[in-house]
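Peer 1: Return atomic coordinates for the entry below.
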Amino acid sequence: MLIKVLSLKNFSRNKELLNIGLFSIASFISVFGTSIYNFAISLYVLNITGSGLNFAMTLVIGALSTVIVNPFAGVLADKINKKLLAVITDTLNGMLLLVLYILTIGHPLSLSMIYLSTFILNVFSNIYGISIETAKPNLVSEKKLLQINSISKIIESSSSILGPMIGGMIFALLDIRLFIIINSFSFGISAFLQLFMDFLFNHNNEQREEEKINIFTDIIHGVTYLRSKKDIVNMFGIFIVLNFFIGLSINVPMPYIVNNILKLSSNLFGIIQGFFSMGMILGALIIRKALNKFSHQKIVKLMTNILSICMIAIGLSVIMQYKIYDNNNLYVIYFCSIMLLTGIAISLIDIAIFYELQQTIPDAIRGRVLSIGISIAKITLPIALIIAGSLINLIAAYILPIISGVGLWIFTMLYVRND
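Peer 2: Purely as a prediction, here's the structure:
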């Protein structure tokens, strides 16, 4: 009897480890494939048109598709078998790129083809992302949920570093059409790997009746549920405020200060940016130890306070210019330290809150609630970018980061719980 129990435990453990391994490889292929494609195709557009606006449009299309599609993706993730949805969307991405390759045999890629394919690719990728996000608590045991979230964050952060780098190399060394067909097969491999994943490894065994999909009614149901849960609303509220202040203090003012005021080279700016992604990865690696010692509320409060200090420090760099003018090495160390801490803080906040949300929201409605909350949070970032872009030339550059840091600190003290 004991041998039988041990055998079942070993089988379950091996199955869970297989899930984690297959998830990591499939996510790596899918996330990197989309990231590299988006950057390489953007460079291609810039090369054939010479227009910065056309280059930016390919990036905007990717961001726009996330906001538009996420609420609908959440409904699909709740109502359709998540494994089937993940396999289908990766397969469709592979087929899309294969069709694009066939259409360009003997014909150049046109802007309309690029814009349309980029939008559709990101639509499928967002549906895939939501289905996988909502499936994580079912892929592994509760003990391993934090690990699989950390792996996701590492893959996401690594793609932000390596995606543009590899995309640039591919653009320089390979014909864009060759890359399209290679990427098509990579999505096919990702879909194939997911066939062997157990998406019901950890579930409550409750049999749910088949429900018809009524997109708008289902979305309203998700909104209603979200509004009724104060704790969940509070967690998404933190995301919304963070996105706003990050856009207002870091995304626009920091590059402006580094490049236009301190006059650091683009190479040095690239190093500074790289430290942010390094911080994100480091945060994902230490989250388990952090949650073993502190509650997720304490981690979020501490990290938002650190973020507010980092924002203020960005503004203070302009004031410090009068004391350490022309000391580029000191500026690089200063900003690398800020961006490393910023990356660690954002990573810890993201993983801690998502870990709590995944455990709190019921499986039957998790897709809708997560997708709606993520969409609302993402909308605030473009708003902040527009405000920052409009004000950066009208007021002193150091004002926005300092105001944002103080604003985030006040919000943290009044809003973020510490229990």
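Peer 1: next helix or strand past the host helix or strand of residue 299?
Peer 2: Residue 299 is located in helix 296-320, with elements delineated by DSSP states H and E. As assigned by DSSP H and E, the chain's next helix or strand after helix 296-320 is helix 328-360.
Peer 1: Secondary structure class of the most centrally placed residue in the chain, three-state.
Peer 2: The centre of the chain sits closest to residue 156, judged by Cα atoms, centre = their mean, with a distance of 6.0 Å. Judged by DSSP: H, G, I helix; E, B strand; the rest coil, the three-state class of residue 156 is helix.
Peer 1: tell me the contacts of it?
Peer 2: Residues near residue 156 by Cβ atoms under 8 Å, 6 or more residues apart in numbering: 31, 280. C-beta: built from backbone N, CA, C; applies to glycine.
Peer 1: Against residue 378, how distant is it?
Peer 2: 14 Å (Cβ to Cβ, to the nearest Å).
Peer 1: try residue 134
Peer 2: Look at residue 134 and residue 378: by Cβ to Cβ, they are 17 Å apart.
Peer 1: the more surrounded of the two?
Peer 2: residue 134 (25 against 16; other Cβ atoms under 10 Å).
Peer 1: the inter-axis angle of the helix or strand in which that one is found versus helix 328-360?
Peer 2: Following DSSP H and E, one finds residue 134 within helix 111-139. Calculated by axes from the mean of the first three to the mean of the last three Cα atoms, to 10 degrees, helix 111-139 forms an angle of 60 degrees with helix 328-360.
Peer 1: what about helix 111-139, average pLDDT?
Peer 2: For helix 111-139, the mean per-residue pLDDT is 85.
Peer 1: what does stretch 73-93 give?
Peer 2: For stretch 73-93, mean pLDDT rounds to 87.
Peer 1: buried sites along it?
Peer 2: Under the neighbour-count criterion of 16 or more other Cβ atoms under 10 Å, stretch 73-93 has 73-79, 82-83, 85-93 buried.
Peer 1: Also stretch 390-403?
Peer 2: Those would be 391, 392, 397, 398, 400, 401, 402, 403, for stretch 390-403 by 16+ other Cβ under 10 Å.
Peer 1: what sits up against that stretch?
Peer 2: Outside stretch 390-403, the residues that reach it (Cβ under 8 Å, 6+ apart) are 248-250, 252-254, 256-257, 260-261, 311-319, 388.
Peer 1: same question, stretch 132-139
Peer 2: Counting by Cβ under 8 Å, 6+ apart, 19-20, 23, 27, 74, 77-78, 82-83, 86, 145, 148-149, 152, 197-203, 354, 358-359, 363, 366-367, 370 sit against stretch 132-139.
Peer 1: could you dump that stretch to PDB, C-alpha only?
Peer 2: Below are the C-alpha coordinates for stretch 132-139, written out as PDB (Å, rounded to 0.1, in the frame of the first residue of the first chain):
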ATOM      1  CA  ILE A 132      -2.200  30.500 -20.300                       C
ATOM      2  CA  GLU A 133      -2.400  33.100 -17.500                       C
ATOM      3  CA  THR A 134      -5.800  31.800 -16.300                       C
ATOM      4  CA  ALA A 135      -4.600  28.200 -16.700                       C
ATOM      5  CA  LYS A 136      -1.500  28.500 -14.500                       C
ATOM      6  CA  PRO A 137      -3.300  27.500 -11.200                       C
ATOM      7  CA  ASN A 138      -4.500  24.400 -13.000                       C
ATOM      8  CA  LEU A 139      -1.200  23.500 -14.500                       C
END
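Peer 1: ok, now which ones touch residue 26?
Peer 2: Counting by Cβ under 8 Å, 6+ apart, residue 26 has contacts 90, 190, 191, 193, 194, 197.
Peer 1: Where do the strands of this structure begin and end?
Peer 2: Applying DSSP state E to the chain gives no strands.
Peer 1: care to break it down by domain?
Peer 2: If you go by the TED database, the domain ranges for the chain are 11-204, 214-413.
Peer 1: are any of the contacts of stretch 132-139 buried, and which?
Peer 2: Counted by 16+ other Cβ under 10 Å, these give 19-20, 23, 27, 74, 77-78, 82-83, 86, 145, 148-149, 152, 197-199, 201-202, 354, 358, 363, 366-367, 370 as buried.
Peer 1: In helices, which of those residues fall?
Peer 2: 19-20, 23, 27, 74, 77-78, 82-83, 86, 145, 148-149, 152, 354, 358, 366-367, 370 (DSSP state H).
Peer 1: where does the stretch 101-250 of the chain have low pLDDT?
Peer 2: Along the stretch 101-250 of the chain, the model assigns pLDDT under 70 to residues 161, 163-165, 167-168, 170-171, 203-212.
Peer 1: Residue 87 versus residue 368, what's the distance?
Peer 2: Here residue 368 is placed at a distance of 21 Å from residue 87 (Cβ to Cβ).
Peer 1: Residue 43 now?
Peer 2: Distance, residue 43 to residue 87, by Cβ to Cβ: 30 Å.
Peer 1: For the nearest residue to residue 115 once chain neighbours are set aside, grab the count of nearby residues.
Peer 2: Residue nearest to residue 115 in three dimensions, not counting chain neighbours: residue 61, with 6.1 Å by Cβ to Cβ, 6 or more residues apart in numbering. Per other Cβ under 10 Å, the neighbour tally for residue 61 reads 20.
Peer 1: likewise residue 276?
Peer 2: Using other Cβ under 10 Å, residue 276 has 24 other residues around it.
Peer 1: Double-check it against residue 340; I have them as touching.
Peer 2: Yes - taking contacts as Cβ atoms under 8 Å, residue 276 lies within contact range of residue 340: 7.3 Å.
Peer 1: List of residues touching stretch 225-234?
Peer 2: So stretch 225-234 is in contact with 236, 357, 360, 361, 365, 368, 369, 372, 373, 415, 417, going by Cβ under 8 Å, 6+ apart.
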